[in-house]
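Chemist: Structure for this input, please:
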Amino acid sequence: MEVGAVAAMRFVKDGIKAAKLVMEHTEHTLIVGEKASIFAISMGLLGPSNLSSPESLEKWIRWKRNSCQPNFRKNVIPTNSCGPYSFSDAASTSAAKSLASPAEGDLGKDWPEDNKFVASKANSIPVSNHYHDTISMAVIDKAGRIAVGTSTNGATFKIPGRVGDGPIAGSSAYADDEVGACGATGDGDIMMRFLPCYQVVESMRQGMEPKIAAADAISRIARKFPDFVGAIFALNKNGVHAGACHGWTFQYSVRTPTMEDVEVFTVVP
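Modeler: Just a heads-up that it's a prediction; the model follows:
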């Protein structure tokens, strides 16, 4: 149950090492932003560094030339430029209702159902294997201790400041020596609402095999968001593993001490 995470960290390449430093040398769980970078550098990691690559710069320039389309904005105008943005007409009426001063005594209550925005993501980016670079890895050592970590650059063309599921314990990764581990990738903004890796580990704790636990966690998300794209792998403490996915064909690799090389497993939706 030791956890360390960083988010929105710039200028430091080794995010997963920074997360491990948070776990091993602080009593915190999550450090973010500029202060996360300062912490990482103060603990000996290299930086500040320019992390842009020629490929990423070229991709960004093309995106800007295309009026910052597609993007992750919704219910805003204009819909075909780089902003500045304001509420769309459809959302403005709803916003006006929601932003009206609540009566004394109503503070903290949920707004009525008819005051919620209507989601419209006509220009949103499809989440696929071309739009993320998540790496999640689980390891069982000789003593039976289990560790899992996830590192990602985040969603391509994300809104600055966005934090996805990568640093959220129980979403992109979760482990318990008594049970096993799980790693996840895909549409983190959707998946983090369900803490799928926590769900997988707890399902295995209740006796589910990894294959069934993984499929169950994915199906819980798909029932609410049938268009989401994502995948998870499950590993129990005995080394039994499985994967499940939705919206794409997913591959994960496994290696044991008796194997000369990794074996790749393909999972279909």
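
Chemist: List the residues that contact the residue lying closest to residue 5 once chain neighbours are set aside.
Modeler: Closest residue to residue 5 apart from its sequence neighbours, by C-beta to C-beta, 6 or more residues apart in numbering: residue 167 at 3.5 Å. (Each C-beta comes from the backbone N, C-alpha and C, glycine too.) Residue 167 is in contact with 5, 6, 7, 19, 30, counting by C-beta atoms under 8 Å, 6 or more residues apart in numbering.

Chemist: so the last one touches residue 8, yeah?
Modeler: No - between residue 30 and residue 8 no contact is recorded; they are 10.4 Å apart, counting by C-beta atoms under 8 Å.

Chemist: and the next element down the chain from the least confident helix or strand in the chain by mean pLDDT?
Modeler: Lowest on mean pLDDT, DSSP states H and E among the helices and strands of the chain sits helix 89-99, with a mean of 49. Next along the chain after helix 89-99, taking DSSP states H and E as the criterion, comes strand 135-140.

Chemist: hmm, who's touching the following helix or strand past that following strand?
Modeler: Toward the C-terminal end, the helix or strand that comes next after strand 135-140 (DSSP H and E) is strand 146-151. Identification of contacts with strand 146-151 by C-beta under 8 Å, 6+ apart yields 15-16, 19-20, 134-141, 166, 172-177, 180-185, 197, 235, 237.

Chemist: Please convert the buried members of the residues you listed into PyMOL selection syntax.
Modeler: The following PyMOL line selects those of the contacts of strand 146-151 that are buried, judged by 16 or more other C-beta atoms under 10 Å:
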select buried, resi 15+16+19+20+134+136+137+138+140+166+172+173+174+175+176+180+181+182+183+184+185+197+235+237
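
Chemist: care to break the protein down by domain?
Modeler: As given by automatic domain parsing, the domain ranges for the chain are 5-42, 76-115, 135-267.

Chemist: what's the least confident stretch among these?
Modeler: If you rank those by mean pLDDT, domain 76-115 sits at the bottom with a mean of 57.

Chemist: how deep is the residue lying closest to residue 83 once chain neighbours are set aside tucked in, by neighbour count?
Modeler: Spatially, and ignoring its direct neighbours in sequence, residue 83 is nearest to residue 68 (7.4 Å; C-beta to C-beta, 6+ apart). Other residues near residue 68 come to 16 when the count uses other C-beta atoms under 10 Å.

Chemist: so who does residue 68 touch?
Modeler: Neighbour list for residue 68: 81, 82, 83, 157 [criterion: C-beta under 8 Å, 6+ apart].

Chemist: Make sure it is indeed in a helix.
Modeler: No - under DSSP: H, G, I helix; E, B strand; the rest coil, residue 68 sits outside any helix and is assigned coil.

Chemist: how about the helices in this protein?
Modeler: For the chain, applying DSSP state H gives helices covering 15-25, 33-42, 54-65, 89-99, 188-191, 196-205, 210-224.

Chemist: export those to a markdown table and tack on distance to residue 255?
Modeler: Below are these laid out as a markdown table (distance: least, C-beta to C-beta, whole Å):
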| stretch | distance to residue 255 |
| --- | --- |
| helix 15-25 | 19 |
| helix 33-42 | 29 |
| helix 54-65 | 29 |
| helix 89-99 | 49 |
| helix 188-191 | 26 |
| helix 196-205 | 21 |
| helix 210-224 | 17 |
